[in-house]
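Engineer: turn this into a model:
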Amino acid sequence: QVQLVESGGGLVQPGGSLGLSCGASGSIRSIGIMGWYRQAPGKQRELVATITGGGSTVIADSVKGRFTISRDNAKNTVYLQMNSLNPEDAAVYYCNADVRRWYDSTWYPYWGQGTQVTVSS
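Structural biologist: The predicted structure follows:
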């Protein structure tokens, strides 16, 4: 099996910064695109940012210029640095990764358990 474990969420004041990380472990042959999504109460889950193994990124317009996604392929870990946070950024943030397991040639999407980000004074 494959597990994605997130860390780094919490409470931050408006204008503040927070960093998230997500490590993948288990029966991993290779990891494709990794990314972050978020879901606020009463809203659909939305894409925040994705990154390929080669470092190409896609950033949502709502966070462009404030959030940065990066990854460490050797550690199977993806990061999200969030700056200039505002209350609209408050949500549960989920890590996602496309994984090919060592015993299987098929790619599967895996999700982390989610980490809460609260932006409030």
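Engineer: tell me, what residue is most central in this protein?
Structural biologist: Central residue of the chain (CA atoms, centre = their mean): residue 36, 2.7 Å from the mean position.
Engineer: where does it land in three-state SS?
Structural biologist: Under DSSP: H, G, I helix; E, B strand; the rest coil, residue 36 falls in the strand class.
Engineer: I'd like the numbering to begin with 748 instead of 1 from here.
Structural biologist: Yes, from this point I'll number from 748; that puts the last item at residue 783.
Engineer: quick one: contacts for residue 799?
Structural biologist: 779, 780 (CB atoms under 8 Å, 6 or more residues apart in numbering). (C-beta placed from N, C-alpha, C; glycine too.)
Engineer: could you report the neighbour count for residue 862?
Structural biologist: The number of residues packed around residue 862, counting by other CB atoms under 10 Å, is 23.
Engineer: what about it, distance to residue 798?
Structural biologist: Applying CB to CB, to the nearest Å, the value for residue 862 to residue 798 is 18 Å.
Engineer: same deal with residue 854?
Structural biologist: Taking CB to CB as the measure, residue 854 falls 16 Å from residue 798.
Engineer: how about the closest residue to residue 818 other than its chain neighbours, phi and psi?
Structural biologist: Distance criterion CB to CB, 6 or more residues apart in numbering; nearest residue to residue 818, sequence neighbours excluded, is residue 825 at 4.4 Å. When read as degrees, to the nearest 10, the backbone of residue 825 gives phi -120, psi 150.
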